[in-house]
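K.L.:
give me the fold of what follows.
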Amino acid sequence: MELKCDHSNYGFGNELSLVVLVSIVNTLVCFSFDRSHQYRFTAQYFISAGTVSRNRIVRNMVRTLNELSQLKETNFGQPDPRHGLRLLWWFANKCVDNVNGCMISLYNPAYGHFGFHRFYNRIEDDEDRLLPMINLPYYEVGNLSYGSLPKDVTANYNRNHADSNADRIIVRFQSNPPSFDRIYVTQHSDQLNFNPNTTYRISHGLLKTIKSLRLDEFLRRTRNDSPFGMIIQPQYNRVYSTHLQSRHTPYQATEDSTCLYICMLIFLIIMLALFIFFYVNMKTVVKKQWF
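P.N.:
Predicted coordinates for the structure are as follows:
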């Protein structure tokens, strides 16, 4: 029997359409709040049980990584003793198999292998969501304190280093067939919460690329180590990061002004179109009254 992954029941088309619509509105409104953190107002509708829920607001759309170079730019799992890159390589090679385009799970995360446990998709204690709401469970893995991960992952673990156990993989699991509907990488912002600005989706294509590489080759192609042992900090896209340096503030002010002018121009065009519409209709009415 041929194995197929069917995601049509999970509202993907509606989710995509709504995200596109919200992106257009976001561009037109150009509404910024909390300029010190450079937040963009971004509304996103969540999918729950196949139904669109219209009462959720999230700060960022999750960026999808398709290439090793994009993963490298995020600086995920770096520098040592962080373990995120090793964790991702291990997961791609030991926990997932590619069958007819499906990311088949080699272990059911509900059984707790390697420290897998449920992730309830919340930021802090409020109703903000780190990932899209959908009628599939999320699970996370990567906590080194459980002692259930292999040495390839735990090689640089240092209990005395704050960032040594910060990285995690979050998966969205479907049971029929047993596969990972989505795969994300993220890191803790504190002991309880994950940072939405350093959360990324790993595409199916990138996962296949990782599976084809040895660990040393994968680390060589994704690390940002300089010859002097320093880490080169990537220049993040504003859309996916809210923690920008103060040197970007003048650029933000200029962009906000440009957005304001564009919005005013759009408003004037709409008003002009309405005026012409009513003028033509009134003229037609007057002609009918006279003749």
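
K.L.:
can you list the domain ranges for this structure.
P.N.:
58-242, 245-291 (automatic domain parsing).

K.L.:
in CSV: those, plus mean pLDDT and distance to residue 5.
P.N.:
From N, CA and C alone the C-beta is placed, and that goes for glycine too. Below are those laid out as CSV (pLDDT from 0 to 100; distance: least, Cβ to Cβ, whole Å):
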stretch, mean pLDDT, distance to residue 5
domain 58-242, 87, 4
domain 245-291, 67, 40
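
K.L.:
okay, these, which one's buried deepest?
P.N.:
Among those, the stretch with the highest mean neighbour count (mean count of other Cβ atoms under 10 Å) is domain 58-242, at a mean of 17.

K.L.:
skip the chain neighbours and tell me the closest residue to residue 113.
P.N.:
residue 107 (4.2 Å; Cβ to Cβ, 6 or more residues apart in numbering).

K.L.:
what helix or strand is that neighbour on?
P.N.:
Counting by DSSP states H and E, there is no helix or strand that carries residue 107.

K.L.:
contact partners for it?
P.N.:
For residue 107, the contacting residues are 95, 113, 114, 116, by Cβ atoms under 8 Å, 6 or more residues apart in numbering.

K.L.:
from those residues, which is closest to residue 160?
P.N.:
residue 114 (23.7 Å; Cβ to Cβ).

K.L.:
phi and psi next, for the closest residue to that closest one other than its chain neighbours.
P.N.:
Excluding the flanking residues, the one nearest residue 114 by Cβ to Cβ, 6+ apart is residue 148, at 5.2 Å. Backbone dihedrals for residue 148, given as degrees, to the nearest 10, come out at phi -110, psi 10.

K.L.:
repeat for residue 117
P.N.:
Per degrees, to the nearest 10, the backbone of residue 117 is at phi -150, psi 160.

K.L.:
please apply the same query to residue 194.
P.N.:
phi -100, psi 150.

K.L.:
swap in residue 141?
P.N.:
phi -150, psi 150.

K.L.:
hmm, it is touching residue 114, no?
P.N.:
Yes. Between residue 141 and residue 114 there is a contact under Cβ atoms under 8 Å: 5.8 Å.

K.L.:
thinking again about what came up before, and which of the contacts of residue 107 is nearest to residue 212?
P.N.:
Among the contacts of residue 107, and counting by Cβ to Cβ, the member closest to residue 212 is residue 95, at 15.8 Å.

K.L.:
surely the closest one meets residue 105?
P.N.:
Yes. If you go by Cβ under 8 Å, residue 95 and residue 105 touch, sitting 6.8 Å apart.

K.L.:
related to what we said a few turns ago, so which of the contacts of residue 107 sit within strands?
P.N.:
Assignment to strands by DSSP state E places none of the contacts of residue 107 there.

K.L.:
out of the residues you listed, which one sits closest to residue 211?
P.N.:
residue 95 (10.5 Å).

K.L.:
tell me who's in contact with the residue lying closest to the closest one once chain neighbours are set aside.
P.N.:
The shortest distance from residue 95 to any non-neighbouring residue, by Cβ to Cβ, 6+ apart, is to residue 106 (5.5 Å). Listed by Cβ under 8 Å, 6+ apart, the contact set of residue 106 reads 94, 95, 96, 97.

K.L.:
include distance to residue 201 when you put these into a markdown table, please.
P.N.:
Below are the contacts of residue 106 laid out as a markdown table (distance: Cβ to Cβ, whole Å):
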| residue | distance to residue 201 |
| --- | --- |
| 94 | 20 |
| 95 | 16 |
| 96 | 14 |
| 97 | 19 |
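
K.L.:
from the contact counts, what lies against the strand or helix carrying residue 88?
P.N.:
Secondary structure assignment for residue 88, by DSSP H and E: helix 84-94. If you count contacts as 3 or more Cβ pairs under 8 Å, 6 or more residues apart in numbering; DSSP states H and E, helix 84-94 packs onto helix 151-154, strand 167-175, strand 178-187, helix 204-211, helix 215-222.
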